[in-house]
Structures are given as C-alpha cells and as structure tokens.
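Q: Dropping the sequence and predicted coords here.
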Amino acid sequence: MGWGIDWFTKIALKYCQQSYSRRMAGVVLFWGTILSVAGVSWLTIYVCESVHPGLSIVVQSISLASCFAGRSLRRAAEDVLAAIDPEDLSLARSKLSMYVGRDTDNLTIAEIDRAILETVTENAIDGVMAPLFYAIVGLFVPTVGAVPLAMAYKAASTLDSMVGYRREPYTDIGWFSAKSEDLLTWLPCRLTVLTLSLISGKPVTVWRLCLRDANQDPSPNSGWSECAYAAALGVQVGGINYYRGEVQSKPLLGDNLQPITADIIQQALKLTRYSFILWLGLLAISATLCTVII
C-alpha cells in the first residue's frame, strides 16, 4: 500500500500543478488504492479457496491479523516508557519522536506521558477497532467478505496517514482521502466509545464528557476517541503542542482528576484490548451465523 501511494503521489504532484487537477488526482488515488487492495485480497482468497479450504483459512487469518495494530501500539508505548529516565530524557524524547508528529526535544515527563496516551487512544480506533468493525460488516456481504473489507479500510487509513494533511504539498491531493477516512471511521468510533463506556463501568460519565468536550476537537473522530479514554480513566488530555517550532493548542478533553502516568497508559491499553476481545467475540458469532445461514 505504502509503495503504491507514494509512487502515485509523486507522479501526481509532478504533473498536476493546479489545485483542481490535484484534487481529482486525489480522488483517483483513493479509489484506485481501495479497490486495488480489496480486489487483490478477494482474488488471493478465491485462489487459495480453490486450492484448499484450509489454505484459505490460514491466509485469511494472517491477512486479518495484519490489519490490527494493537500489539504495535502497546510495544511503541512501552518502548518510550522504558526509556524514561528523570535524570536524562533525551532517549525517551528521541524514541517518542518516531511515533508522534509533535516536537519532542523539550518535553517533560508529564508531557511525554500525555503524548503517549494521546497517541495510544487516537490510534486505537483506526488501528484496531475500525478494521475489526469492517471485518464484521464484511461477513454479511458474502460477495465481498471480511478480509477484503477490512483491508480496504486499512488502505483508507494508510492513505490518510500518508497524504491526509492540511499542509502542502498534500492539501489538495490528500483532501479526499482525509474526508473519506473521517466518514468511514465515524460509526466504528462511536461504537467504540459506547463499548469503552460500558467496559469502564462509567457510561454516564464517559458520554457526558464526550458530549461536552469531544466536538471541540477539529477531528470528527480523534476527539471522541481521546475524550472517551480520558473520561474512563479520570484524566485530561490536550493542551499546548509544538509542531516544527509552531505552537498549536488542542482543546482540553476530560476532567483533570489525576495525573497521566505509566499506569494510566497501561490501563488505556487494557481498555483497548478488552474492547477488541469483545468485538472479536462478535466476529466469531457473526461468522457462525453466516455459516449457518449460507
């Protein structure tokens, strides 16, 4: 996915000089990537099925597992946490810079912890829960299937990560990918908030704070995701960040009832894991029902 997106983007930026042409190239990039990924996934599964059903199951399992970034999120968070040394934060700041877009050179321990939590909670949706949501939906679309639909969403998420920026040179070529990924993530994001509110045992608190704070974030989804975790954990995220030396103020989400610590970050990772397991159970039940119906 990454190679194809990068190749097309470079070609489009070179030959499309007008805003309109770059926007049209962005539409082609999005649909070309989505349909190619879904098509290749479907064809691979079809060929494997014709060879042996067992091979198809193995390939589908591996492909579906590749859509989920839960383990990567946990490893990234623990990698930075393990590097934190109150006497010398240079290593932790350096490691953190590999996972976040903000400037990390002068961050304090508290700011490092906040950055980790914000990254973990924002990416829990598009990296874990949303692909699983589309896998479940795909089971009820027999002509498509769980894996192709999950892979298609993963392609949309990858497009947003690579070109969905408001800064040049991606402003025009990435607008369609960014808007489309926001739309595709909207429903699984709200369902994840619902799941988190129930698992945490604080449904009223989580929804009250999300309704109060989440819409202040310019993103239609990350604000809800981060706020849901913050409300469930009794912490506050957002505030002042620096990007390439320029200050950006993000809205404060949640109530500052306790500081963000390594333990809080581990609790956030557990909430994601519990939500994933719950939805995975729904996937298994859905697969069984589809098998019975078919």
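A: Received, thanks. Numbering: from 1, shown residues only.

Q: got the residue ranges for the strands in the stretch 101-250 of the chain?
A: For the stretch 101-250 of the chain, the strands defined by DSSP state E, counting those that start in this stretch occupy 237-243, 246-253.

Q: mind listing the helices in the stretch 101-250 of the chain by residue range?
A: In the stretch 101-250 of the chain, the helices defined using DSSP state H, counting those that start in this stretch lie at 109-124, 130-139, 146-163, 170-173, 175-199, 203-213, 222-233.

Q: Point out the most buried one among these.
A: Neighbour counts (mean count of other Cβ atoms under 10 Å) averaged over each of these peak at helix 222-233, with a mean of 27. Quick note: C-beta positions are derived from backbone N, CA and C, even for glycine.

Q: Okay, now the unreliable bits of this structure?
A: 290-294 (pLDDT under 70).

Q: most distant residue from the middle of it?
A: Within the chain, the residue lying farthest from the chain centre (Cα atoms, centre = their mean) is residue 51, at 34.2 Å.

Q: Test of understanding: give the bridge partners of residue 248.
A: Beta-bridge partners for residue 248, by DSSP bridges, are residue 241.

Q: My guess is it contacts residue 238. True?
A: No: between residue 248 and residue 238 there is no contact under Cβ atoms under 8 Å: 10.7 Å.

Q: Looking at those two, which has the bigger crowd around it?
A: residue 238 (20 against 11; other Cβ atoms under 10 Å).

Q: does that one really touch residue 251, like I thought?
A: Yes: if you go by Cβ under 8 Å, residue 238 and residue 251 touch, sitting 5.2 Å apart.

Q: okay, and the common contacts of those two?
A: residue 217 (Cβ atoms under 8 Å, 6 or more residues apart in numbering).

Q: Centroid-nearest residue for this protein?
A: Central residue of the chain (Cα atoms, centre = their mean): residue 126, at 2.3 Å.

Q: Tell me which of the helices of the stretch 101-250 of the chain lies nearest to residue 89.
A: helix 109-124 (6.8 Å; Cβ to Cβ).

Q: Could you export the helix or strand encompassing residue 7 as CSV, CA atoms only?
A: In this assignment (DSSP states H and E), residue 7 forms part of helix 2-15. Taking Å, rounded to 0.1, in the frame of the first residue of the first chain, the C-alpha atoms of helix 2-15 are listed here in CSV:
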residue,chain,number,x,y,z
GLY,A,2,2.7,2.4,1.1
TRP,A,3,4.8,1.9,-2.1
GLY,A,4,1.8,2.4,-4.4
ILE,A,5,0.5,5.5,-2.6
ASP,A,6,4.0,7.1,-2.5
TRP,A,7,4.6,6.3,-6.2
PHE,A,8,1.3,7.8,-7.4
THR,A,9,1.6,10.8,-5.2
LYS,A,10,5.0,11.7,-6.6
ILE,A,11,3.7,11.4,-10.1
ALA,A,12,0.6,13.4,-9.4
LEU,A,13,2.4,16.2,-7.7
LYS,A,14,4.9,16.4,-10.6
TYR,A,15,2.4,16.6,-13.4
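
Q: Run through the neighbouring helices and strands of the next helix or strand after it.
A: Using DSSP H and E, the helix or strand that follows helix 2-15 in sequence is helix 19-51. In terms of contacts (3 or more Cβ pairs under 8 Å, 6 or more residues apart in numbering; DSSP states H and E), helix 19-51 is packed against helix 2-15, helix 53-65, helix 146-163, helix 170-173, helix 175-199.

Q: on that earlier part again, make a markdown table from the helices of the stretch 101-250 of the chain and add distance to residue 256 to it.
A: As requested, the helices of the stretch 101-250 of the chain are exported to a markdown table (distance: least, Cβ to Cβ, whole Å):
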| stretch | distance to residue 256 |
| --- | --- |
| helix 109-124 | 11 |
| helix 130-139 | 29 |
| helix 146-163 | 30 |
| helix 170-173 | 34 |
| helix 175-199 | 19 |
| helix 203-213 | 12 |
| helix 222-233 | 9 |
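
Q: Apart from its neighbours in sequence, what residue is nearest residue 181?
A: Nearest residue to residue 181, sequence neighbours excluded (Cβ to Cβ, 6 or more residues apart in numbering): residue 160, at 3.8 Å.

Q: From residue 30, how far out is that neighbour?
A: 10 Å (Cβ to Cβ, to the nearest Å).

Q: shared neighbours, these two?
A: With Cβ under 8 Å, 6+ apart as the test, residue 160 and residue 30 both reach residue 177.

Q: Now do the contacts for residue 230.
A: Contacts for residue 230 (Cβ under 8 Å, 6+ apart) come out as 121, 209, 236, 237, 253, 254, 255.
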